[in-house]
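> Quick one, structure for this:
(one chain, ligands or ions: 1)
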Amino acid sequence: MKLTPIEKYIKDKVNIHKNGREELERYQLDKIKESITYVKQHSKFYREHLKDINEDSIKSLKDFENIPFTLPSHVKENPFGFLCVPQKDIVRIVTLRSSGTSGDEKRVYFTEKDLQLTIDFFKHGMQCLANKDDRVLVLLPGEAYGSIGDLLKKALKETEIECFVQGVMVDPKVTAKLIQAENINCIVGIPIQLLHLSRVENEIFKNKIQKVLLSTDYVPETIIKEFTNKSECKVFTHYGMTEMGYGGGVECEALYGYHMREDDLYFEIIDPVTGKTVEDGQYGEVVFTTLTREGMPFIRYRTSDIASFKTKKCPCGTFLKTMDRIKGRMENRIKIDEDEFIYMRELDEIILSFEEVVNYKVYIEEGNVIFLDLITLNEADFYKSSEKILSLIKAIPSIKKSLSKNIIEIVIIYSLDDIVINNTMVKRKIHDYRKRV
Ligand SMILES: [Zn+2]
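This is a model prediction of the structure:
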């Protein structure tokens, strides 16, 4: 088993000699303190937010657990307040919308140096799966300067790996043509989009694609299983979000979970209710702190992603931390009764395992009516699978219980949405259209 290339990269960068983990954590603690000093000097938001914090009193990573969290709502309210450099030094601005309405936007700013650090991470992260013999297709936005596709392309260029950036997939036929023409064997893309591609262009996918790297959203197990078993593809997953500078962690060839970008980011997992750090092995919310960010650093930023740290070492033997694959976001569930929830990942595992389905939408309306809007290639496919899907969903314990109490209703419908995919990087979620009480 090959050691993750991320380890050597971090060792060289941080100057680690013997006691890997110990030296890395000392570096992280120093960087955390440096970052706090930096943001208190340069960011309006943090000057106020951390005004009672004396960084010299942080003597250990344990002490750092007492520092207040940064919330996405803070960024929405005043992204400018986070800026640590003059506006002219910002080369990339990303606007993130979670619901599509304005006023629900987050802006994230990067300097040239920030982008270069991401390129460095991508360069070594991609070596977990690709080498000079590979031809990589990136199905992520790549037109704008500093976009994720642009940074990946630059990273792969430095390692002389052939790379084509097509952007978010719009038409599977066009993508399939490019795979043929350019002899692509490795794809980086959004899980649900690659599932769509593999179902619509099955032959090409199966014959050409040997490796995929799934990114930008959590990955349902059923997708990994399908790619691995049916298409004989090696499936790597990457974890990151824009606020992290896109890259956060990537699996090595052991496929045991992500090895984290620990030179640039410090990760914690907390109990979302109490805010206390949880033990390794326990699930909680991922929180991260930027250690090297220049334009818009974050201190203890709550991601709302659910994961845990592995308790056992990765078979590759690295001293880097390994995070289990993300289980989805906290919003990816809806409450249907006291202590009863429907989780999107439970729906995913059932619905996406049906070959006739290429995507679906789920929303809940007034009166607890849950709509499952199935996107299939044609209407006949819908009738072929919808009844079976519905009966499996009705057997999910929380749903079964609520159905027997007559407090929810489930409706499965054939989506009239065009089969052509929306050009979107927005994470999938359950939409709640019930009026708030
Ligand atoms: Zn590993």
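> was I right about residue 348 contacting residue 225?
No - under the criterion of CB atoms under 8 Å, residue 348 lies out of contact with residue 225, with a separation of 12.0 Å. Any C-beta I mention is one placed from the backbone N, CA and C, and that applies to glycine too.
> These two: who's more crowded?
Shown here are residue 348 and residue 225; by other CB atoms under 10 Å, residue 348 has more neighbours (23 against 13).
> does that one sit in a helix, a strand or a coil?
helix (DSSP: H, G, I helix; E, B strand; the rest coil).
> and the gap between the closest residue to it other than its chain neighbours and residue 249?
Ranked by CB to CB, 6 or more residues apart in numbering and with sequence neighbours excluded, the top spatial neighbour of residue 348 is residue 220, at 4.0 Å. Distance, residue 220 to residue 249, using CB to CB, to the nearest Å: 19 Å.
> Equivalent analysis for residue 15, please.
As defined by CB to CB, residue 15 lies at a distance of 21 Å from residue 249.
> With neighbour numbers in mind, choose between those two.
Regarding residue 15 and residue 249, a neighbour count based on other CB under 10 Å identifies residue 249 as having more, with 27 against 8.
> now that one, nearest residue through space, not along the chain?
Nearest non-adjacent residue to residue 249, counting by CB to CB, 6+ apart: residue 258, 3.1 Å away.
> can you check residue 199 too?
Excluding the flanking residues, the one nearest residue 199 by CB to CB, 6+ apart is residue 358, at 5.6 Å.
> who's in contact with the one you found?
For residue 358, the contacting residues are 195-196, 199-200, 375-377, 419, taking CB atoms under 8 Å, 6 or more residues apart in numbering as the criterion.
> Helix, strand or coil: sort out it for me.
On the basis of three-state DSSP, residue 358 is classed as strand.
> just use 36 as the starting number from now, easier for me
In the new count, where the first residue is 36, that last one comes out as residue 393.
> Burial check on residue 243, number of neighbours?
Burial of residue 243 is recorded as 21 neighbouring residues (other CB under 10 Å).
> let me redo that: residue 322
Burial of residue 322 is recorded as 24 neighbouring residues (other CB under 10 Å).
> again, but for residue 305
Other residues lying near residue 305 total 18 when counted by other CB under 10 Å.
> do the same with residue 169
Applying other CB under 10 Å, we find 17 other residues in the vicinity of residue 169.
> Low-confidence regions, the stretch 86-235 of the chain specifically.
Confidence mapping of the stretch 86-235 of the chain against pLDDT under 70 gives the ranges 133-138.
> Check what pLDDT residue 460 gets.
At residue 460, the predicted lDDT confidence score is 65.
> do residue 265 as well
In the prediction, the pLDDT value recorded for residue 265 is 83.
> Compute the distance between it and residue 409, please.
Applying CB to CB, the value for residue 265 to residue 409 is 20 Å.
> can you check residue 85 too?
The gap separating residue 85 from residue 409 is 48 Å, by CB to CB.
> Which of these two has more residues huddled nearby?
Neighbours per residue, other CB under 10 Å: of residue 85 and residue 409, the larger number sits with residue 409, 24 against 20.
> residues contacting that one?
Taking CB under 8 Å, 6+ apart as the criterion, residue 409 is in contact with 386, 392, 395, 417, 420-421, 424, 447-450.
> What subset of those is buried?
Buried members of these, scored by 16 or more other CB atoms under 10 Å, are 386, 392, 395, 417, 420-421, 424, 447, 450.
> what comes up buried for stretch 186-198?
Under 16+ other CB under 10 Å, the buried positions of stretch 186-198 are 186-191, 196-198.
> ok, the residue nearest to residue 383 touching residue 380?
Yes - in this structure, residue 255 is within contact of residue 380 by CB under 8 Å, at 6.4 Å.
> Mind checking which of those two has more residues around it?
In this comparison of residue 255 against residue 380, neighbours counted by other CB under 10 Å, the higher total goes to residue 255 at 25 against 18.
> The more buried one and residue 241, how far apart?
Remark: distance between residue 255 and residue 241 (CB to CB) = 20 Å.
> How about the contacts made by the nearest residue to residue 325 once chain neighbours are set aside?
The shortest distance from residue 325 to any residue that is not its chain neighbour, by CB to CB, 6+ apart, is 4.6 Å, and that residue is residue 332. Under the criterion of CB under 8 Å, 6+ apart, the contact list for residue 332 reads 70, 73-74, 78, 117, 119, 325.
> at 10 Å instead, please
Residue 332 makes contacts with 70-71, 73-74, 77-78, 81, 105, 117-119, 149, 324-326, as judged by CB atoms under 10 Å, 6 or more residues apart in numbering.
> what about residue 69, helix or strand, and which?
Element membership for residue 69 (DSSP states H and E) is helix 55-77.
> elements contacting that helix?
helix 40-49, helix 79-84, helix 96-99, strand 300-305, strand 319-325 (3 or more CB pairs under 10 Å, 6 or more residues apart in numbering; DSSP states H and E).
> Looking at the ones you listed, which is nearest to the ion?
With CB to the ion as the measure, helix 40-49 is the member of these nearest the ion (8.3 Å).
> Compute the inter-axis angle for that closest one and helix 55-77.
On the basis of axes from the mean of the first three to the mean of the last three CA atoms, to 10 degrees, helix 40-49 is oriented at 60 degrees to helix 55-77.
> To what extent is whatever residue of the stretch 136-285 of the chain ends up closest to the ion buried, counted in neighbours?
With CB to the ion as the measure, residue 163 is the residue of the stretch 136-285 of the chain nearest to the ion, at 8.4 Å. Burial measure for residue 163: 22 neighbouring residues, criterion other CB under 10 Å.
> Outline the domain layout of this protein.
Split into domains by automatic domain parsing, the chain comes to 36-363, 368-467.
> how long is the longest one from one end to the other?
End-to-end distance of domain 36-363: 29 Å, with CA to CA, to the nearest Å as the criterion.
> What residues of the one helix or strand residue 159 maps to count as buried?
Counting by DSSP H and E, the element that carries residue 159 is helix 147-161. By 16+ other CB under 10 Å, the buried positions in helix 147-161 come out as 149-150, 152-161.
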